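Student: got a structure for you, letters missing:
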Ligand code: GLU
């Protein structure tokens, strides 16, 4: 299980709205204070440039669906988006082709295997199973609008920038570093091609995917990007409709099942929110209709999720009342009370 360090914190029920402005400010600051000195986890180094990150960096931003933003700590420090890009590329290809077609081509189910597994592809006849692992993400990038790799890159860059509400830049150092070391992703793309599941040049598509993962964002950007999905596809800061409400819903369902690598079930069990993490230390967690939490802190747990990020998100999910499964506790108007408004099933008269 995740070590969320939230024993004894009361779970607020998930109501229709976030608490008031001051309360959110206070809780975001409290989450930062609470986990700032946590020193568990290890900074990723399998992409050499990522190892240069400062392990002390820690930023949190909560964005609401009215465009309100609460930044604390290193919420403006840029880092490469890495796997979190998969969530937004998935939304963009669903917008283009519809979720049924993408469901057939890429899938929605957890593979139960590591994000860069080759065995998962082999076991499933070359079907990626899920767009949040590298095979499914590379297949999704290949489906982006455009006939050439350059056009597909433009569509990725433009789409992710619209989610963020500003033009994102590429971290050339991370891009070069990953390009020199991504032979496993090259192998995955070739394997997809061998199964007839990649209708484009594997080398060129992996290059677009690597650039996509090298786009620079901040915790603040992640919160805005997530809040766009929470807001039915409309960026709450710019007012730009990036994807449809149906696509937002489908993307959140995929994130709930697959967003935290092999620990997605544990995350949903403990935190109760669709989310996506990445190896550079970002996590975005989305509360549909309410907003999103963006966190950034490079040290990762064994599954590749930011330790401070997951603890801060767990704390905020409890205290802001975001857990999707947390019903209000029975109160004066709850079960047993004559004032309850819904009728128990066994008391309903048949028509
Ligand atoms: N660009 C990284 C890779 O493909 C993303 C990994 C991640 O964040 O999970 O290995």
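Tutor: Sure, I can see it. What you see is a predicted model; the values in this text were computed from it and never measured.
Student: For the spatially most central residue of the chain, give the beta-bridge partners.
Tutor: Closest to where the C-alpha atoms of the chain average out (CA atoms, centre = their mean) is residue 276, at 2.3 Å. Beta bridges link residue 276 to residue 284, judged by DSSP bridges.
Student: First-to-last residue distance for stretch 250-269?
Tutor: End-to-end span of stretch 250-269 (CA to CA, to the nearest Å): 19 Å.
Student: So it, near the ligand or not?
Tutor: No - for stretch 250-269, no contact with the ligand is found by CB under 6 Å from any ligand atom; the gap never falls below 7.2 Å. C-beta coordinates here come from the backbone N, C-alpha and C atoms, glycine included.
Student: List of residues touching that stretch?
Tutor: Where contact means CB atoms under 8 Å, 6 or more residues apart in numbering, the residues beyond stretch 250-269 that reach it are 1-2, 87, 90-91, 94, 99, 108-110, 112-115, 130-133, 229, 243, 273-277, 286, 288, 303-305, 310.
Student: Tell me, how many residues neighbour the closest residue to residue 173 other than its chain neighbours?
Tutor: Nearest residue to residue 173, sequence neighbours excluded (CB to CB, 6 or more residues apart in numbering): residue 49, at 5.0 Å. Neighbourhood size, residue 49 [other CB atoms under 10 Å]: 20.
Student: ok, residue 49 to residue 84 distance?
Tutor: As judged by CB to CB, to the nearest Å, residue 49 and residue 84 stand 17 Å apart.
Student: Same check on residue 51?
Tutor: 19 Å.
Student: Over to residue 192?
Tutor: Note on residue 192: its distance to residue 84, by CB to CB, is 22 Å.
Student: Settle it for me: which of these two has more neighbours?
Tutor: Taking neighbours as other CB under 10 Å, residue 192 and residue 84 compare with residue 84 leading, 29 against 24.
Student: State whether the more buried one and residue 275 are indeed in contact, as I suppose.
Tutor: No - using CB atoms under 8 Å, residue 84 is not in contact with residue 275, being 9.4 Å away.
Student: joint contacts of these two?
Tutor: Taking CB under 8 Å, 6+ apart as the criterion, residue 84 and residue 275 both touch 283, 284.
Student: Out of the contacts of stretch 250-269, list just those in helices.
Tutor: With DSSP state H as the criterion, helices contain 87, 90, 91, 94, 99, 229, 310 from among those.
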